[in-house]
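J.: have a look; sequence and predicted model below, questions after that.
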Amino acid sequence: MVKITALDTYDVRFPTSRELDGSDAMNPDPDYSAAYAVLRTDDPHGLAGYGLVFTIGRGNDVQKAALDALRPYVVGLSLDEVIGDLGGFAARMIGDSQLRWLGPEKGVMHMAIGAVVNAAWDMAARHAGKPLWRFIADMTPEQLVSVIDFRYLADALSPDEALQLLRTAERGKAQRIEQLLAEGYPAYTTSPGWLGYSDEKMLRLAREAVADGFRTIKLKVGHNVEDDIRRCRLARAEVGPDVAIAVDANQRWDVHRAIEWLRRLADVKLAWIEEPTSPDDVLGHAAIRRAIAPTPVSTGEHTHNRVMFKQLFQAGAVDLVQIDAARVGGVNENLAILLLAAKFGVRVFPHAGGVGLCELVQHLAMADFVAITGKKEDRAIEFVDHLHEHFVDPVTIRDGRYLAPTTPGFSAQMFDASIAEFRFPDGPAWQEPLHALNA
Ligand SMILES: [Mg+2]
């Protein structure tokens, strides 16, 4: 009988602040980082499961400590106790009565649980010899519903309704798998839009994005309204009327300020405004949405659990949402969120770009297309072209689309050499004096 022998954790940080990659109005100098988790087994073929929490530098050690706190829930279990009961495995960690005090179901502890849950799904998919999106697509509606925690959801989505949605999607599933493998899934790119870039660099990258086949680009906004008006108009002139431009304020504004600011950007015809205000302000998002209609309003990358998504949908606060593979309690909770979004008819544009996030979230979007909504051409997964070289099974983008992964697992495994090089604070990449302040 195969057993889980270890939960190994690593603090891995990339010094992205040197080039201002990832810079926005709220996060001016991020060092993209991963609190990385490996479930090891005594399987003779070396079966393991990989997961991570994305952070942006300081605090990655805190996140790693939260992963370490979960060891008693993992080590010593049989393989079947983990991958044969992915719902129960997650529920036991979420239900720990002492750790729960640190949330509940939000923040550092919940993100750690999400990474370990994702590592378990990675291991399950590897064991089945399937990429995760396909592993999910091949589960029955009953199996999928059994991994979801419907507590706090039933007033918006009952298990029976979820089952109905999934059963309806059974029709045409085989065809959609073929379609996905042939066509890929639409992507949009944020690569041109970091706030720390010059106008010239932004325009060059916007031009390249359109040439590469992207139909939507996203710019960071929220630092200075005159700069935003200039950059958005320059970008519009560069890409023309047929390429969509979204903007992202990363929580920068009060509700009134958001409304004033966005009215001044109205002539740019925005595809959406992302995170205009606090991610917890459900009614604030609803007020902004009413005030700036028809510009679509969006949030989600910092929405910490399914209960917050439920309220955003119930309040009519958003036109679309981001999901994040490493923010909530893993695949289980993201399935709940995808089903909620399907029920409320809200489109999902998954958040990615942070280290490993593209690799992970593509599987959830593709599973949604095949097994839940049957839709993909009216939505897109975020793409940023950096740090993919550290992953064993990196994303493949062609003509502005994610190609469906075919390698077994959840694509979260990093190269051992990358971990050694960027381990904080002792890896060689961190030995330059420039970064002494981060220590
Ligand atoms: Mg964002």
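T.: Yep, it's here. Numbers count the residues shown, from 1 in each chain.
J.: what residues does the stretch 151-300 of the chain have near the ion?
T.: 248, 274 (CB under 5 Å from the ion). No exception for glycine: its C-beta is placed from N, CA and C like everyone else's.
J.: try 8 Å
T.: 190, 218, 248, 250, 274-275 (CB under 8 Å from the ion).
J.: mind putting these in a markdown table, pLDDT and neighbour count included?
T.: As requested, those are exported to a markdown table (pLDDT from 0 to 100; neighbours: other CB atoms under 10 Å):
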| residue | pLDDT | neighbour count |
| --- | --- | --- |
| Thr190 | 93 | 25 |
| Lys218 | 97 | 28 |
| Asp248 | 97 | 27 |
| Asn250 | 95 | 20 |
| Glu274 | 98 | 29 |
| Glu275 | 98 | 28 |
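J.: mind listing which of these are in strands?
T.: Among these, DSSP state E puts 190, 218, 248, 274 in strands.
J.: now the first one, nearest residue through space, not along the chain?
T.: So the one you mean is Thr190. If you skip the residues right next to it in sequence, Thr190 has Lys218 as its closest partner in space, 4.5 Å away by CB to CB, 6 or more residues apart in numbering.
J.: closest residue of the stretch 101-250 of the chain to the ion?
T.: Distances from the stretch 101-250 of the chain to the ion, computed as CB to the ion, single out Asp248 as the nearest residue at 4.3 Å.
J.: so who does that residue touch?
T.: Residues counted as contacts of Asp248 (CB atoms under 8 Å, 6 or more residues apart in numbering) are 24, 190, 193, 218-221, 273-275.
J.: so in terms of bridging, what pairs with it?
T.: Lys220, Glu274 (DSSP bridges).
J.: all strands of this protein, in order?
T.: With DSSP E, the ranges of strands along the chain come out as 4-13, 33-41, 48-55, 185-193, 216-220, 244-248, 270-274, 297-299, 320-321, 347-348, 381-383, 397-398, 401-402.
J.: list of residues touching stretch 92-110?
T.: The set of residues external to stretch 92-110 that reach it, using CB under 8 Å, 6+ apart, is 59, 62-63, 66, 69-70, 73, 113, 116-117, 149, 304-305, 307, 328-329.
J.: show me which of those residues are buried.
T.: Of all the contacts of stretch 92-110 considered here, the ones buried according to neighbour count by 16 or more other CB atoms under 10 Å are 63, 66, 69-70, 73, 113, 116-117, 149, 304-305, 307, 328-329.
J.: thought Pro192 was touching Thr216?
T.: No - in this structure, Pro192 sits apart from Thr216 without contact. The criterion is CB atoms under 8 Å, and the distance is 11.2 Å.
J.: who's more crowded, those two?
T.: Neighbour totals were compared for Pro192 and Thr216, and Pro192 leads with 27 against 21 (other CB atoms under 10 Å).
J.: list the contacts of the more buried one.
T.: Counting by CB under 8 Å, 6+ apart, Pro192 touches 201-206, 208-209, 217, 219, 235.
J.: go with 6 Å
T.: The contact partners of Pro192, taken as CB atoms under 6 Å, 6 or more residues apart in numbering, are 202, 205-206, 209, 217.
J.: those residues in helices, which ones?
T.: Here DSSP state H is the test, and these give 202, 205-206, 209 as lying in helices.
J.: nice, that's everything, thank you.
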